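**Q** what's the 3D shape of this:
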Amino acid sequence: MSTTECPKLPSYTELRKDKLDKIDKYFGEVLTNYSGLATSSASNVSNLIASYNNQLKTINNELINQLNTSLDGLAEQHATLKQKQELYDTNTTLLKDLKQAIKDKTVEESAKAKNASETTQVVDNTKLWHYIFMGVNIALLLINIGLLVYLYMVSAQSVLPKLPRSINSNK
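**A** Modelled structure (predicted):
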């Protein structure tokens, strides 16, 4: 898409008034000359009439060409305006989508931060209980080990025959 700017065009009413003034001035001169033809000779009159008719045809063709050029310029400007409007609409939609994505990411980030903060707070609040339960479990483990050792000792003494103490005293 080109970045050139359209030249400043006059408004339609100014352009129309200017063209109408030119046409009125020229046709006024032509009609004045036509009215003066009544006093001229017939051969001179027919030559002037043919000349004026040619001039009128030339003027009409020139005005039609100018009108077509103006219409082509308006059509081109309309097409350019339509392209720019579509580009504007596309960019507006993209900006809205990006703003919504930024908002969604901000909310998501805030939710993650809040969740992490709450998790940290719960861990900090339960740390004391964790240590208490760990201590109780270690104490119970030690009690169980002690009981197992005691049971092993008790069962080992009941299984072994009792030897007299005097075996070593024979010497």
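**Q** what number of residues lie near Gly73?
**A** As a burial measure, Gly73 scores 13 neighbours (other Cβ atoms under 10 Å). C-betas here are computed from N, CA, C, even on glycine.
**Q** buried stuff in stretch 95-102?
**A** If you call a residue buried by 16 or more other Cβ atoms under 10 Å, then stretch 95-102 has no buried ones at all.
**Q** where do the helices sit along this structure?
**A** Ranges of helices within the chain are 12-37, 42-159, based on DSSP state H.
**Q** now those helices in TSV, with mean pLDDT?
**A** TSV is the format used below for these (pLDDT from 0 to 100):
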stretch	mean pLDDT
helix 12-37	76
helix 42-159	89
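**Q** tell me the contacts of Gln100?
**A** Not one residue lies near Gln100 by Cβ atoms under 8 Å, 6 or more residues apart in numbering.
**Q** and it, how far from Glu86?
**A** Here the criterion is Cβ to Cβ, to the nearest Å. By it, Gln100 lies 21 Å from Glu86.
**Q** now swap in Ser155 and tell me
**A** Here Ser155 is placed at a distance of 94 Å from Glu86 (Cβ to Cβ).
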